[in-house]
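Participant: Okay, sequence plus prediction incoming.
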Amino acid sequence: MKIVFIRHGATAGNLEKRYIGKTDEPLCDHGIRQLEIKKYPSVRRVISSPMKRCIQTAKLIYPSAEPIIFNDFRECDFGDFEGKNYSDLKGNSCYQKWIDSGGELMFPNGELPLNFRQRSCDEFIRAVNAFENADSIAFVVHGGTIMSVMSEYALPKHSYYDYQIANGCGYVTEWDGKTIKILSELI
């Protein structure tokens, strides 16, 4: 099965390098323009996170397909870091502890990154199983979701942070039911 992973287009918070997880931001004008000039592979099914930014992205890229929403593809809950960027958080001892942990500690009043990654992978398996007869699917989701799925299933193995991608970018892959093979990168 061909699977296209696409990170949603840019939001105002993304441009300001803010932690935007549970905040349901729409795409900004810049993000819309970036998506409109790119070419994306055609697919039979489009799966999306329930967040506005993903649904808008899916509808811009695939206007004739109604996105199928999978709720557990929502972004990580960044807790007390939500809506803030590095400048806002420098000097915050909780943020420094989180950085020092390599991003493994729970976000204060938010989600444990390990739980988020597991939720993303579990939802990926539910989605591919639900559409196992589809020959091609686009997943229009969040950067962290893509990083979670790729670090778990892509070969050769790489770490979570090795799969960081920019807004509107992603991967064209092949799923054999157990592993993901990267065919090309969408840049």
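Facilitator: Nice, thanks for sending it over. Quantities reported herein were computed from a predicted structural model and do not represent experimental measurements.
Participant: Which neighbouring elements make contact with the lengthiest helix in the chain?
Facilitator: Longest helix in the chain, counting residues (DSSP state H): helix 113-130. Where contact means 3 or more CB pairs under 8 Å, 6 or more residues apart in numbering; DSSP states H and E, helix 113-130 is packed against strand 136-141, helix 143-153. C-beta: built from backbone N, CA, C; applies to glycine.
Participant: what's the angle between that helix and strand 136-141?
Facilitator: Using axes from the mean of the first three to the mean of the last three CA atoms, to 10 degrees, the interaxial angle of helix 113-130 with respect to strand 136-141 works out to 150 degrees.
Participant: Check what contacts helix 113-130 and list those residues.
Facilitator: The contact list for helix 113-130 (CB atoms under 8 Å, 6 or more residues apart in numbering) reads 1, 3, 47, 70-73, 76-77, 103-107, 137, 139, 144-145, 148-149, 151-153, 160, 175, 177.
Participant: swap in stretch 49-67?
Facilitator: 6, 8-9, 11, 24-27, 31-32, 35-36, 40, 43, 45-48, 69-71, 73-75, 138, 140-142, 145, 168.
Participant: isn't Phe107 right next to Phe81, touching?
Facilitator: Yes - with contact defined as CB atoms under 8 Å, Phe107 and Phe81 form a contacting pair (5.7 Å).
Participant: what touches both of the two?
Facilitator: Jointly contacting Phe107 and Phe81 under the rule CB under 8 Å, 6+ apart are Trp98.
Participant: What segments of the protein are strands?
Facilitator: Using DSSP state E, the strands assigned to the chain run over residues 2-7, 45-48, 68-69, 136-141, 154-155, 170-175, 180-186.
Participant: what does the first one contact?
Facilitator: Surrounding strand 2-7, the residues in contact under the criterion CB under 8 Å, 6+ apart are 40-41, 43, 57, 61, 128, 135-143, 146, 149-150, 165-175, 180, 183, 186.
Participant: again, 6 Å this time
Facilitator: Among residues not part of strand 2-7, those counted as contacts by CB atoms under 6 Å, 6 or more residues apart in numbering are 41, 43, 136-140, 143, 146, 165, 167, 169-173, 175.
Participant: Tell me, how many residues neighbour the residue nearest to Asp72 when sequence neighbours are not counted?
Facilitator: Nearest in space to Asp72, with sequence neighbours left out and distances taken as CB to CB, 6 or more residues apart in numbering, is Glu123 at 3.8 Å. Applying other CB atoms under 10 Å, we find 22 residues neighbouring Glu123.
Participant: Same question for Pro26.
Facilitator: Burial of Pro26 is recorded as 14 neighbouring residues (other CB under 10 Å).
Participant: next one: Pro108
Facilitator: Residue neighbour count, defined by other CB under 10 Å, stands at 14 for Pro108.
Participant: ok, it to Phe81 distance?
Facilitator: When distance is defined by CB to CB, to the nearest Å, Pro108 is 7 Å away from Phe81.
Participant: before we move on, what about Gly177?
Facilitator: According to CB to CB, Gly177 stands 36 Å off from Phe81.
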